[in-house]
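>>> Would you be able to build a 3D model of this:
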Amino acid sequence: MVERRPLASLGHARRGWLDVKHHFSFAAYQDPERMNWGALRAWNDETIAPGSGFAPLLHANVEIITCVREGALTHEDDLGNRGRTGVGEVQVMSAGSGLTHAEFNMEGGPAQVFEIWIEPDRRGAPPSWGRKSFAREACKGRFITLASGMDGDEDALPIRSDARVLALALKAGEAATYRFARGARRGYLVASKGRLKVNGVEIGLGDGAAIRDETELRLMALDDAEVLLADTHA
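Sure, this is the predicted structure:
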């Protein structure tokens, strides 16, 4: 099953400095039909105004993967980590037993990011933070793994969950296939550019696709398209 979740149906909040669309129930947006999806807890499509950001917050027992689509974010936390994550880079915060962090857009233009929350398989581990650059050419025509807790994904940023987050870019008319790991799996895909078909279901720019009971995904780009996919245990 591939269930299209149109952009217009997502939760939406605007705080002046922050414009965010929620694929799942989060903060003031609550929809009992859109709670967790497997181990996936949240997928927020955020635009953060220049010179603004999130004040220090304490999180625990969650893996937060941030993929920067435009601009950059600067991270600070109480472990002493500080770093700038720009376009083509990904950061992972494993909150573990507890980590206080802040995220700021210190650039001259807006920052656009996907913020993805995944539940860890073990709780109370020491917190950590890291970031990594991924060449845009690497995902052209094929999936690359950005963050993962699964065997064989040593080149990805580590997370503490039987899950992975992947990126793919296709030119119009190109196709690609993704095969899920064995066992009960859930997938969630978001089109960050263009339109494509996922197992025959058309997904437009900004739409989500909730996936279950599928062994593989067949993607066909209708335009030049880019997607992110989360694959988690059910």
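
>>> Quick one: the helices in the protein, in order.
For the chain, no helices are identified by DSSP state H.

>>> give me the low-pLDDT residue ranges for it?
By pLDDT under 70, the chain has no low-scoring segment.

>>> Centre-most residue in the protein?
Geometric centre of the chain, nearest residue: Ile116, 3.9 Å, by CA atoms, centre = their mean.

>>> From Leu73, how far out is it?
14 Å (CB to CB, to the nearest Å). C-beta coordinates here come from the backbone N, C-alpha and C atoms, glycine included.

>>> Overlap of the contact sets of those two?
Thr66 (CB atoms under 8 Å, 6 or more residues apart in numbering).

>>> re earlier: bridged to the residue nearest to the residue nearest to the centre of the chain when sequence neighbours are not counted, which residues?
With sequence-adjacent residues excluded and distances taken as CB to CB, 6 or more residues apart in numbering, Ile116 is closest to Ile65, at 4.5 Å. Counting by DSSP bridges, Ile65 forms beta bridges with Val92, Ile116.

>>> Ile65 and Val92 touch, don't they?
Yes - between Ile65 and Val92 there is a contact at 5.4 Å, judged by CB atoms under 8 Å.

>>> which residues are common contacts for those two?
With CB under 8 Å, 6+ apart as the test, Ile65 and Val92 both reach Ala147, Leu157, Ile159.

>>> Give the full set of residues in contact with the last one.
Read that as Ile159. Glu63, Ile65, Val92, Ser94, Ile118, Pro120, Ala147, Ser148, Gly149.

>>> What is the neighbour count of the first one?
Read that as Glu63. Glu63: 27 surrounding residues under other CB atoms under 10 Å.

>>> go on, the third one?
Using other CB under 10 Å, Val92 has 24 neighbouring residues.

>>> Over to the last one?
Here the count is done by other CB under 10 Å, and Gly149 has 22 residues near it.

>>> residues touching it, list them.
Contacts of Gly149 by CB under 8 Å, 6+ apart are Glu63, Asp121, Pro158, Ile159, Arg160, Ser161, Asp162, Ala163, Arg164.

>>> Buried ones among those?
With burial judged by 16 or more other CB atoms under 10 Å, the buried subset of the contacts of Gly149 is Glu63, Ile159, Arg160, Ser161, Asp162, Ala163, Arg164.
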